[in-house]
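Student: coords please:
(chains A, B, C, D, E and F)
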Number of protein chains: 4
Amino acid sequence: MTQRRSGPIRSETARRSILTATGALIATRGYEHLTIEGVALEAGVGKQTIYRWWSSKSALVAESLLEGVIFNEQFTLANTGDLHADLVAWLDSVLAFLSEPSGIDLLRSLIAAAADDEEVGRRLRETLGGGSLGSPGGTSSIEMRLKAGIEASELMADAPVTEITEALMGAVIIRALSRQPVEPETATRLVRTVLRSNQSQ
Amino acid sequence: MTQRRSGPIRSETARRSILTATGALIATRGYEHLTIEGVALEAGVGKQTIYRWWSSKSALVAESLLEGVIFNEQFTLANTGDLHADLVAWLDSVLAFLSEPSGIDLLRSLIAAAADDEEVGRRLRETLGGGSLGSPGGTSSIEMRLKAGIEASELMADAPVTEITEALMGAVIIRALSRQPVEPETATRLVRTVLRSNQSQ
Amino acid sequence: MTQRRSGPIRSETARRSILTATGALIATRGYEHLTIEGVALEAGVGKQTIYRWWSSKSALVAESLLEGVIFNEQFTLANTGDLHADLVAWLDSVLAFLSEPSGIDLLRSLIAAAADDEEVGRRLRETLGGGSLGSPGGTSSIEMRLKAGIEASELMADAPVTEITEALMGAVIIRALSRQPVEPETATRLVRTVLRSNQSQ
Amino acid sequence: MTQRRSGPIRSETARRSILTATGALIATRGYEHLTIEGVALEAGVGKQTIYRWWSSKSALVAESLLEGVIFNEQFTLANTGDLHADLVAWLDSVLAFLSEPSGIDLLRSLIAAAADDEEVGRRLRETLGGGSLGSPGGTSSIEMRLKAGIEASELMADAPVTEITEALMGAVIIRALSRQPVEPETATRLVRTVLRSNQSQ
DNA sequence: TTTTAACCGAGACGGTACGTCTTGTCTTATA
DNA sequence: TATAAGACAAGACGTACCGTCTCGGTTAAAA
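Tutor: Got it, this is the predicted structure:
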């Protein structure tokens, strides 16, 4: 028979309130002003309870992203049968989010967190990429939509799915870092650029 | 007659040693461990001398980037008359730099600095983009090479120069943030993806 | 009929190992570094078992003193019929104990505990004062020896027993607190000082 | 010529307010509840300013004693020409101080501090012993009065000054630790006990 | 013989304070 | 008046313990 440890188990209440507080503070103050003490205070929790379960501030942010307490609006990537339109729609919703100051600040906070911690980097890619939470193994919805496009012969069989995904997401990141204004046609031009060369005729 | 101020002028020696110390410390310890006190100590300078001339840590990093004390190797973007080959060559050199741990750490440090400060974001794009230092107005060498390609009819006249540039650079940033291994064909596939749709026939 | 409780009784094993661990940790680390968690770990016991039976760290120390797990050597105060010689012998053994660093550290730890808790103060006086453990009502062996001296006409009937006791013990405490070196004649001079004025002729 | 360091000098304002805050907090909360953070807050000072100049809480208490911010009432030891009366007067004032709860708590706090730190131990002896502040080399006023008594033939030339001093002070410490009530005649009996044997006839 | 209550070990919890590190400002003496 | 040096108030860091409160498991008296 298996030997089980005794003593109290991890408090789910504490865990949730820590993640919620983390998300709220990132949204209001930014990652650069996020402090463990601030999270503990906001969550009504001892600091040690945070240090007991998370190894760093970045790990906290990574799990908050995963739990969906940071992005409450989803960047959904639909499959209407028209790959080009689906990608433009997704990109438009992301760029619209970035056109608000609060949106761009949030994304920059997350980029800073991702620069700190590779786990945050992976989570960010999933979440931003239309992630249905818990998509397997770091595969974003963009990649899955592209593969579906190949199945449906919207895209050539040897289309470089990974590179297309990274080109699209990377463009978004670059916009966030350089804070340049976005023109209305940006989404269309970008999708056309990365897609047309790989489309089936 | 002009009013002239008295007293000593700004010490160029101090300025150089501060920028050099900043570059050295970023390269060895990373942006996240960079402190003003550490820079002052390394440079043999008083803290006030730094605060007098730079408004923030990010401004220090931005100027260090501009002075070339951070990237000592340049990512040169040549014009051999073959746009595709030129871009692949540039991308290969960047990805080779990222394949070393010290390279990826340096780039992540700079992304963190760029997330803090938009001036760093612009400088980073210029420097990474094959920047001959001091290229005018945030225009990277990639963009200039693409425009030259249009002139030489390598590229269609209405090719979306900005979007192509951002797709390429963004892909590099995404690689740095997610730290995924790079396959040999990545550069070729990426350049083909963003270029073929816009090439003149 | 009396209402009796159910369930297991107090574990003597746990009690002994807690007191022993307390004594060992005071001797090795000092009272100022004594922690309940440390005692629990050393004793192989849960913290709650300590808190269930002792109200404070000082209470733990007081009981350890009483159980004799702290002073293993006794400062015995004999009655040879010569009061002066008996007191000098006792004082010499105490001062010899204090001449070792470990001895002075132990006594200082106990003084700190006594300053925290009056129960420890009383126990310390009994134990230090040649205490046969469990001497009744805070009466030290010194006081008992002095009273025996009055019975035997070694001392005047109205000799201030309490004051003589406190003068002798207090001098020891003062030595421990100020850590001054002890000269060979100190014990003799001190006993003569407090005794001669009260001796029968 | 001598090379002198540059930079600001130590702030006397900060030093005074730290010592004053230390004294106030010991008097109101006791040494066991004295915290560096509390002192910093009360003094309106950064913690680092305390750690810069004092190595420990005990060192802070030692200097506060020396500066006279802890005992505001002095236990003066006069020289009226009658040694016995002078010592009784001093002892009465000390015991009167101890008869108030606040007085006994203060002395116990200081004993705890003295157990921590030998410098506090020495300072306490001087201050308690009728110390005119800054008496040289750990010599209390009691010792000086006794020596004056020898000069004036109130006391035998070979009277053990140190032992008499320690017996008197030690008795006071013992009273503080055991918190026993003091009878009116205690001071007289104690002084008679330690003095009569050494008086000139 | 079952129930029940108190014991035990382990350890998570909300807290407080620790001693260190860094920030950005201010002060001093020098050049 | 710019500089190197560095003291200052402020405040976050990550650690150590506090005393309380679950947990499962065990044990002995009561029902």
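Student: which bits of chain A sit near DNA strand E?
Tutor: Taking CB under 7 Å from any atom of the strand as the criterion, chain A approaches DNA strand E at residues A:5-11, A:13-15, A:44-49, A:52-53. In short, each C-beta sits where N, CA and C put it, glycine included.
Student: show the buried residues in those.
Tutor: Of the members of these, the ones counted as buried by neighbours, 16 or more other CB atoms under 10 Å in any protein chain shown, are A:14-15, A:45, A:49.
Student: phi, psi for the residue of chain A found nearest chain C please.
Tutor: With CB to the nearest CB as the measure, A:Gly7 is the residue of chain A nearest to chain C, at 9.2 Å. With angles defined as degrees, to the nearest 10, A:Gly7 shows backbone torsions of phi 90, psi 170.
Student: returning to that earlier point: from the buried ones among the residues of chain A next to DNA strand E, pick the one nearest A:Pro160.
Tutor: For these, the minimum distance to A:Pro160 (CB to CB) is 39.8 Å, reached by A:Arg15.
Student: show me where pLDDT drops low in chain A?
Tutor: Across chain A, residues meeting the criterion (pLDDT under 70) sit at A:1-4, A:73, A:130-138, A:198-201.
Student: switch to 50 and redo it
Tutor: Residue ranges of chain A with pLDDT under 50: A:1-2.
Student: can you map out the helices along it?
Tutor: For chain A, applying DSSP state H gives helices covering A:12-29, A:36-43, A:47-53, A:57-67, A:83-99, A:101-116, A:118-128, A:141-151, A:161-178, A:186-195.
Student: and DNA strand F, which of the residues of chain A next to DNA strand E reach it?
Tutor: Contacts with DNA strand F are made by A:6-9, A:46-48 out of the residues of chain A next to DNA strand E, judged by CB under 7 Å from any atom of the strand.
Student: quick check: the gap between whatever residue of chain A ends up closest to chain D and A:Leu124.
Tutor: Using CB to the nearest CB, A:Glu37 is the residue of chain A that sits closest to chain D, at 14.0 Å. Distance of A:Glu37 to A:Leu124, given as CB to CB, to the nearest Å: 25 Å.
Student: which of these two has more residues huddled nearby?
Tutor: A:Leu124 (28 against 9; other CB atoms under 10 Å in any protein chain shown).
Student: state the distance from that one to A:Gly38.
Tutor: Separation of A:Leu124 from A:Gly38 (CB to CB): 22 Å.
Student: so A:Glu67 is in contact with A:Leu19, correct?
Tutor: Yes: shown here, A:Glu67 and A:Leu19 form a contact pair, counting by CB atoms under 8 Å, at 5.2 Å.
Student: what about those two, which has more around it?
Tutor: Higher neighbour count among A:Glu67 and A:Leu19: A:Leu19, with 23 against 15, using other CB under 10 Å.
Student: ok, now which ones touch A:Glu166?
Tutor: Contacts were defined as CB atoms under 8 Å, 6 or more residues apart in numbering or on different chains; by that measure A:Glu166 touches B:170-171, B:174-175, B:190.
Student: change it to 7 Å
Tutor: The contact partners of A:Glu166, by CB atoms under 7 Å, 6 or more residues apart in numbering or on different chains, come to B:171, B:174-175.
Student: most surrounded residue in these?
Tutor: When those are compared by neighbour count (other CB under 10 Å), B:Ala171 ends up highest, at 31 neighbours.
Student: that one against A:Gly170, yeah?
Tutor: Yes: proximity of B:Ala171 to A:Gly170 meets the contact threshold set by CB atoms under 7 Å, at 4.5 Å.
Student: gap between the residue lying closest to the residue of chain A closest to chain D once chain neighbours are set aside and A:Trp54?
Tutor: Residue nearest to A:Glu37 in three dimensions, not counting chain neighbours: A:Lys47, with 6.5 Å by CB to CB, 6 or more residues apart in numbering or on different chains. To A:Trp54, A:Lys47 is 11 Å away according to CB to CB.
Student: just A:Arg189 next, same as before
Tutor: Relative to A:Trp54, and taking CB to CB, A:Arg189 is found at 41 Å.
Student: what's the answer for A:Val61, then?
Tutor: Per CB to CB, A:Val61 is found 9 Å from A:Trp54.
Student: of those two, give the one with the bigger neighbour count.
Tutor: A:Val61 (29 against 20).
Student: residues contacting that one?
Tutor: A:22, A:26, A:31, A:113, A:120.
Student: what about it, distance to A:Val45?
Tutor: Here the criterion is CB to CB. By it, A:Val61 lies 16 Å from A:Val45.
Student: of the ones next to DNA strand F among the residues of chain A next to DNA strand E, closest to B:Glu163?
Tutor: Closest approach between those and B:Glu163, by CB to CB: A:Lys47, at 45.9 Å.
Student: OK, contacts around the closest one?
Tutor: In this structure, A:Lys47 makes contact with A:36-37, A:40, judged by CB under 7 Å, 6+ apart.
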